[in-house]
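>>> Structure for this input, please:
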Amino acid sequence: MNWNGVTLLKQFLPSVVANSESVSIYVIDNASEDNSVDFITSNFPEIELIHLEKNLGYAGGYNEGLKTIKADLICLMNNDIKVEQGWLQPVLDAFEQNEDLGAAQPTLLDLNRPDYFEYAGAAGGYIDKYGFPFCRGRLFENLEQDKGQYDDNSDIFWASGACLFIRRELFDRLGGFDTRFFAHMEEVDLCWRLYHKGYAVKHIYQSKVYHLGGGTLSHSSPRKTFLNFRNSLYMLYKNLPAKYRFKIIFTRLILDGIAAVKFFFEAQPAHSLAVLKAHLSYYGSFSKLDPVENVADRPNKYYYTPSVVWSYFLKGKKTFDRL
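Prediction:
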């Protein structure tokens, strides 16, 4: 997926082309206004370019762009990912050997600090009871050094949208990404819907990629804060069993309020306002959100720990292995 990312394409696309033998490579361009399209057509004629006429965001862009792609397994990759020789085969083998595997991700390492995990997915994602996402190797802003501590092909709850492998048939059966999310958290929602269907999501540790991160929307952007907080509420409303939905979301709203106050006292009023706007957007969306039907009445299964907020900020547990 690309949007106004010609600089990123120049830096990262060559590694993808050079190290992804025997597979078809596509670039879905989300109505870029820079010279991304000209760069691709001029320098990589072997790549099939799918140019969208309107910026549909991460969710809508993939849903629309994938309509013309025929493949049993698809890899959705950001335009700021560097890969090396041999990165693909371990993932392909995992899908070949496990028919219940619905989605997977490689190990995401920090491009600028290659011996550290990267924020967007590290060694695989989880959520807590209240929908806060975290990863093996990353709790909030704390990134762990990769010392081999997560060198196993473990089941995870969500695979990072920065480099997400998923069976095409399942992507289509689930209706793809929820376009109401636009961007951020849509891969967590999709993996939660895979969970409802009984499919596994895994981290494939033998495959390693290097992610720049923040290439399209900076981590410091209030827009990113808005999308993350709003979409997390969307996700909870859709996927929680009805009998637990109100209680869990009510607690989450209180925690969000605390986060907004924290932003304010950290001299980040724009982020405080973004949290408020996220809540208002969520309240205005009840009539549009459609909960997943026939959700199993087992709320203790989806989350790894009751509250990563409590563990991290109040108990001082800064690494995944201490949760």
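
>>> So which residues of the protein form strands?
Counting by DSSP state E, the chain has strands at residues 26-30, 48-52, 73-77, 81-83, 101-110, 125-127, 133-135, 138-139, 142-143, 163-167, 200-211.

>>> Can you tell me the closest non-neighbouring residue to S20?
Nearest residue to S20 in three dimensions, chain neighbours excluded: L88, at 6.0 Å (CB to CB, 6 or more residues apart in numbering). Where C-beta positions appear, they are placed from N, C-alpha and C, glycine not excepted.

>>> Now do the contacts for that neighbour.
For L88, the contacting residues are N19, S20, E21, V23, S207, by CB atoms under 8 Å, 6 or more residues apart in numbering.

>>> I'd say the last one and D93 touch.
Meaning S207. No: with contact defined as CB atoms under 8 Å, S207 does not count as touching D93 (9.7 Å).

>>> More neighbours: these two, which one.
S207 (24 against 13; other CB atoms under 10 Å).

>>> any idea how far N78 is from that one?
Note on S207: its distance to N78, by CB to CB, to the nearest Å, is 15 Å.

>>> Equivalent analysis for K54, please.
The spacing between K54 and N78, counted by CB to CB, is 20 Å.

>>> Equivalent analysis for K288, please.
From K288 over to N78 (counting by CB to CB), the distance is 28 Å.

>>> Give the residue from these two that has the larger number of neighbours.
Taking other CB under 10 Å, K288 and N78 do not tie; N78 has more neighbours (24 against 8).

>>> ok, the residue nearest to that one when sequence neighbours are not counted - how many residues close by?
Sequence neighbours aside, A162 is the residue nearest to N78 in space, at 4.7 Å (criterion: CB to CB, 6+ apart). A162: 23 surrounding residues under other CB under 10 Å.

>>> in terms of contact, does A162 touch G121 like I think?
Yes: proximity of A162 to G121 meets the contact threshold set by CB under 8 Å, at 5.6 Å.

>>> list residues touching both of the two?
Among the neighbours of A162, those also in contact with G121 (CB under 8 Å, 6+ apart) are L108, H211.

>>> list the contacts for the residue nearest to N78?
Contacts for A162 were tallied using CB under 8 Å, 6+ apart; they are M77, N78, I81, L108, E118, A120, G121, H211, G213.

>>> shaky segments in the stretch 51-200 of the chain?
Within the stretch 51-200 of the chain, not a single segment meets pLDDT under 70.

>>> can you give me phi and psi for A183?
A183 adopts backbone torsions of phi -160, psi 150, taken as degrees, to the nearest 10.

>>> How about the contacts made by it?
Contact analysis of A183 by CB under 8 Å, 6+ apart lists G57, Y58, A59, L217, L227.

>>> got it, and S311?
T305, K317, R322, L323.

>>> which of those residues are buried?
For the contacts of S311, a burial check counting by 16 or more other CB atoms under 10 Å picks out T305, K317, L323.

>>> quick one, what contacts the residue nearest to the first one when sequence neighbours are not counted?
Read it as T305. Leaving aside its sequence neighbours, T305 sits nearest to L323 (CB to CB, 6+ apart; 4.7 Å). Residues in contact with L323 (CB under 8 Å, 6+ apart) are L139, Y304, T305, V308, S311, K317.

>>> Out of those residues, which two sit at the greatest distance?
Spanning the widest gap among the contacts of L323 are Y304 and K317, at 12.5 Å by CB to CB.

>>> CA-only coordinates of stretch 185-197 in CSV, if you can.
Taking Å, rounded to 0.1, in the frame of the first residue of the first chain, the C-alpha atoms of stretch 185-197 are listed here in CSV:
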residue,chain,number,x,y,z
MET,A,185,-6.6,-1.1,14.5
GLU,A,186,-8.4,-2.6,11.5
GLU,A,187,-6.0,-5.5,11.5
VAL,A,188,-6.7,-6.2,15.2
ASP,A,189,-10.4,-6.2,14.4
LEU,A,190,-9.9,-8.5,11.4
CYS,A,191,-7.8,-11.0,13.5
TRP,A,192,-10.5,-10.9,16.3
ARG,A,193,-13.0,-11.9,13.7
LEU,A,194,-10.7,-14.7,12.6
TYR,A,195,-10.6,-15.8,16.3
HIS,A,196,-14.4,-16.0,16.3
LYS,A,197,-14.2,-18.4,13.4
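
>>> Between the two ends of stretch 77-90, what distance do you get?
17 Å (CA to CA, to the nearest Å).
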